[in-house]
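A.B. asks: okay, sequence plus prediction incoming.
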Amino acid sequence: MEKTSGGIKIITLNRKASFNYFLSDFLECGIALSGTEIKSLRAHGCSLNDAYVVFKGNTPQIINMHINPYSHGNIFNKDPLRARDLLMHKKEIRWFKEQIKSGGYTIVPTKVYFKKGLAKVEIALARGKKLYDKRETIKKRDAQREIDKALKRK
């Protein structure tokens, strides 16, 4: 587990999200999990590939977030891809719903971590990138690598 300042232990990151989307307006949310899911998260059993957030009524839910079944969980294990509720304030829910209705936006999770022993998900408002934007991102990343290599040699 990666430890950062402030007692945050990062479990997983969604690196594809920053490649496929322009991300803005980040928000930390709680997530409603069962006991075996928390134990599995502590053992790094989580993936955010293709995960996104939808609203069922006024309840935000994270879809396609895979949490591995807990090895000692037997009958108490839940479906690994089930929809999980996010814990947000009404004002935040209203704001995100308005942004989605205005068009062109979606909500994607960017990382899952423990903060003071509680599981948290960071979500972001995302607008899809075009192919030429992705190529530009690759160029910048390659150029930065070359600069780092040159600095390391000297």
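C.D. replies: Yep, that arrived.
A.B. asks: what about the closest residue to residue 126 other than its chain neighbours, how many residues nearby?
C.D. replies: Of all residues not flanking residue 126 in the chain, residue 21 sits nearest, at 3.6 Å (Cβ to Cβ, 6 or more residues apart in numbering). Where C-beta positions appear, they are placed from N, C-alpha and C, glycine not excepted. By the criterion of other Cβ atoms under 10 Å, residue 21 has 20 neighbours.
A.B. asks: got the contact list for residue 21?
C.D. replies: Neighbour list for residue 21: 106, 108, 124, 126, 127, 128, 129 [criterion: Cβ atoms under 8 Å, 6 or more residues apart in numbering].
A.B. asks: can you check residue 118 too?
C.D. replies: Going by Cβ under 8 Å, 6+ apart, residue 118 touches residue 30.
A.B. asks: beta partners of it?
C.D. replies: Beta-bridge partners of residue 118, counted by DSSP bridges, are residue 115.
A.B. asks: quick one: pLDDT of it?
C.D. replies: Note on residue 118: pLDDT of 88.
A.B. asks: same deal with the one 5 residues further on?
C.D. replies: According to the per-residue confidence, residue 123 scores 92 in pLDDT.
A.B. asks: check residue 2 too.
C.D. replies: pLDDT recorded at residue 2 is 59.
A.B. asks: residue 26 - nearest residue in space that isn't next to it in sequence?
C.D. replies: Nearest non-adjacent residue to residue 26, counting by Cβ to Cβ, 6+ apart: residue 124, 4.8 Å away.
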